[in-house]
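Participant: Sequence first, then the predicted structure:
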Amino acid sequence: MTVDEKLFSILNSLDQTHWSKKLREIIQKTQETKKHGHIKTWKNAINGLPIKEKRNVTLNKSVISVKNIELNDTEKKITKNILKELRPWRKGPFSVDEIFIDSEWKSNMKWDRVKSMVSPLNDKTVLDVGCGNGYYSFRMIGEGAKLVIGIDPSDLFMMQFRAITHFINPIQLYLLRLRLQDLPSNKSLFDTVFSMGILYHQKSHHRHLSKCAALLKPGGELVLETIIFPGMSNFINSGNQRYSQMRNVWYLPNLNELMIWLKIAGFTEIKLGSINRTSIEEQRSTEWMTTQSLIDGLDPENHDLTIEGYPAPHRIVVVCKKYH
Ligand SMILES: C[S@@+](CC[C@H](N)C(=O)[O-])C[C@H]1O[C@@H](n2cnc3c(N)ncnc32)[C@H](O)[C@@H]1O
């Protein structure tokens with residue numbers, strides 16, 4: 001049975017035949033969409049990973065790790081080189097035997113902030129929107145979720161996930177190369193939807209938030225993690241402005257605006273986490289992500305400001321419920 005078929009059969013067993021049918025159609029349709037130019041190289045690289053007995057993965061510690069694969073020295077070298085071919089590793093860390101993938105983000109730091117606010121994930125059906133290579137989705141399974149579906153349009157991140165799962169026993173985690181807008185919105189499925197680090201990349205915040213609401217069961221929980229602006233100001237990109245060197249940041253709301261957006265999109269019981277300034281300890285270049293990182297987007301003389309003179313990135317976790 002292919003991975004996708006397994007997911008369809010789980011959805012059927014959850015009485016979600018409508019969803020499995022619809023997803024099958026969507027996956028088929030999106031498979032025809034343009035793939036990254038390096039996809040063949042990445043797939044070939046992954047096919048070169050040593051074939052070993054699969055092991056259980058550790059999901060409830062900072063580093064997502066798979067141990068005792070018993071790679072000999074040559075196999076370890078091959079594996080490390082292949083994993084490096086899949087750079088940049090933005091989210092992590094992961095460890096495969098003693099190969100430590102020191103990603104750009106110490107994603108465990110964000111997860112610790114998020115986890116302390118989320119209702120227990122035990123036995124929940126979860127959607128991770130903009131899941132990247134699945135670091136957080138793995139952690140959600142580690143918290144007892146029954147099924148996690150991660151979606152992200154990036155071929156590279158799908159390949160990184162495939163490389164990690166090459167070594168591990170199957171878990172109820174499925175990453176799909178899809179965008180939020182590809183999912184059906186006429187039937188809610190999820191108990192919890194995570195939208196982390198993605199709202200500010202959307203041109204329409206309302207379309208994004210209301211789609212998250214549509215996918216949640218009534219009373220389900222949205223976990224939103226995003227950048228906000230201090231005070232009453234905001235950032236608007238009306239064309240070619242950059243924020244901290246990023247071209248694809250469209251709007252950074254202040255807290256008031258964010259609360260209003262959530263209410264209009266159909267959320268209630270809004271709980272705010274503390275506001276956290278992203279540190280250059282949490283996001284930095286490493287040998288697994290060798291290009292520019294947070295520090296290059298900050299004013300070299302004043303890290304309170306971005307290089308363009310805006311307030312440096314401050315992030316917040318918000319947890320709220322969909323109206324019944
Ligand atoms: C800044 S990363 C955040 C990754 C991770 N969720 C985190 O919090 O660290 C944004 C991710 O969203 C993905 N993305 C962008 N637009 C998307 C969309 N419309 N639907 C789903 N994912 C999207 C990108 O490919 C990227 O992996």
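Facilitator: Right, received. Where do you want to start? The shown structure was predicted, so the numbers you read here are calculated from the model rather than taken from an experiment. Numbers count the residues shown, from 1 in each chain.

Participant: how about the residues of the stretch 51-200 of the chain near the ligand?
Facilitator: 91, 129-132, 151-154, 157, 179-181, 196-198 (C-beta under 6 Å from any ligand atom). (C-beta placed from N, C-alpha, C; glycine too.)

Participant: Now the buried members of these.
Facilitator: 91, 129-132, 151-153, 157, 180, 196-198 (16 or more other C-beta atoms under 10 Å).

Participant: With secondary structure added, can I get those residues in a markdown table?
Facilitator: Converted to a markdown table, those look like this (DSSP: H, G, I helix; E, B strand; the rest coil):
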| residue | secondary structure |
| --- | --- |
| Lys91 | coil |
| Val129 | strand |
| Gly130 | coil |
| Cys131 | coil |
| Gly132 | coil |
| Ile151 | strand |
| Asp152 | coil |
| Pro153 | coil |
| Phe157 | helix |
| Leu180 | helix |
| Met196 | strand |
| Gly197 | coil |
| Ile198 | coil |
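
Participant: which two in the residues you listed are spaced the farthest apart?
Facilitator: Distances among these were taken as C-beta to C-beta; the most separated pair is Lys91 and Leu180, at 17.9 Å.

Participant: quick one, what contacts Asp4?
Facilitator: Arg24, Ile27, Tyr174 (C-beta atoms under 8 Å, 6 or more residues apart in numbering).

Participant: Most neighbours among the residues you listed, please name it.
Facilitator: Tyr174 (22 neighbours; other C-beta atoms under 10 Å).

Participant: Now stretch 27-40: buried residues?
Facilitator: Those would be Ile27, for stretch 27-40 by 16+ other C-beta under 10 Å.

Participant: meant to ask about stretch 81-95, not that
Facilitator: For stretch 81-95, by 16+ other C-beta under 10 Å, it's Ile82, Leu83, Glu85, Leu86, Arg87, Trp89, Arg90, Lys91, Gly92, Pro93, Phe94, Ser95.

Participant: Could you dump those into JSON lines with pLDDT added?
Facilitator: Output for the buried residues of stretch 81-95, formatted as JSON lines (pLDDT from 0 to 100):
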{"residue": "Ile82", "pLDDT": "98"}
{"residue": "Leu83", "pLDDT": "98"}
{"residue": "Glu85", "pLDDT": "97"}
{"residue": "Leu86", "pLDDT": "98"}
{"residue": "Arg87", "pLDDT": "98"}
{"residue": "Trp89", "pLDDT": "98"}
{"residue": "Arg90", "pLDDT": "98"}
{"residue": "Lys91", "pLDDT": "98"}
{"residue": "Gly92", "pLDDT": "98"}
{"residue": "Pro93", "pLDDT": "98"}
{"residue": "Phe94", "pLDDT": "98"}
{"residue": "Ser95", "pLDDT": "98"}
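
Participant: Chain neighbours aside, what residue packs nearest to the one residue in the stretch 201-324 of the chain that gets nearest to the ligand?
Facilitator: Proximity of the stretch 201-324 of the chain to the ligand (C-beta to the nearest ligand atom) peaks at His201, 5.3 Å away. Take His201 and drop its neighbours on the chain: the residue closest to it by C-beta to C-beta, 6 or more residues apart in numbering is Asn248, 5.2 Å away.

Participant: Just the pLDDT at that neighbour, thanks.
Facilitator: On pLDDT, Asn248 comes in at 95.

Participant: now the helices: where do they sit in the stretch 101-250 of the chain?
Facilitator: Assigned by DSSP state H, counting those that start in this stretch, the helices in the stretch 101-250 of the chain fall at 107-115, 135-142, 155-165, 205-215.

Participant: Does Glu143 touch Pro120 like I think?
Facilitator: Yes. Between Glu143 and Pro120 there is a contact under C-beta atoms under 8 Å: 7.3 Å.

Participant: pLDDT of stretch 222-229, averaged?
Facilitator: 98.

Participant: Please apply the same query to stretch 310-324.
Facilitator: Here the average pLDDT along stretch 310-324 is 95.

Participant: end to end, how far does that stretch reach?
Facilitator: 39 Å (C-alpha to C-alpha, to the nearest Å).

Participant: and that stretch, anywhere near the ligand?
Facilitator: No. Stretch 310-324 stays clear of the ligand (C-beta under 6 Å from any ligand atom), getting no nearer than 9.3 Å.

Participant: Tell me which residues of that stretch come out buried.
Facilitator: Buried, per 16+ other C-beta under 10 Å, within stretch 310-324: Tyr310, Pro311, Ala312, Pro313, Arg315, Ile316, Val317, Val318, Val319, Cys320, Lys321, Lys322.

Participant: Could you double-check that Ile168 lies in contact with Arg55?
Facilitator: Yes. Using C-beta under 8 Å, Ile168 is in contact with Arg55, at 6.2 Å.

Participant: More neighbours: which of these two?
Facilitator: The neighbour comparison of Ile168 against Arg55 (other C-beta under 10 Å) goes to Ile168, with 20 against 17.

Participant: who touches that one in this structure?
Facilitator: Contacts of Ile168 (C-beta under 8 Å, 6+ apart): Lys54, Arg55, Asn56, Val57, Val66.
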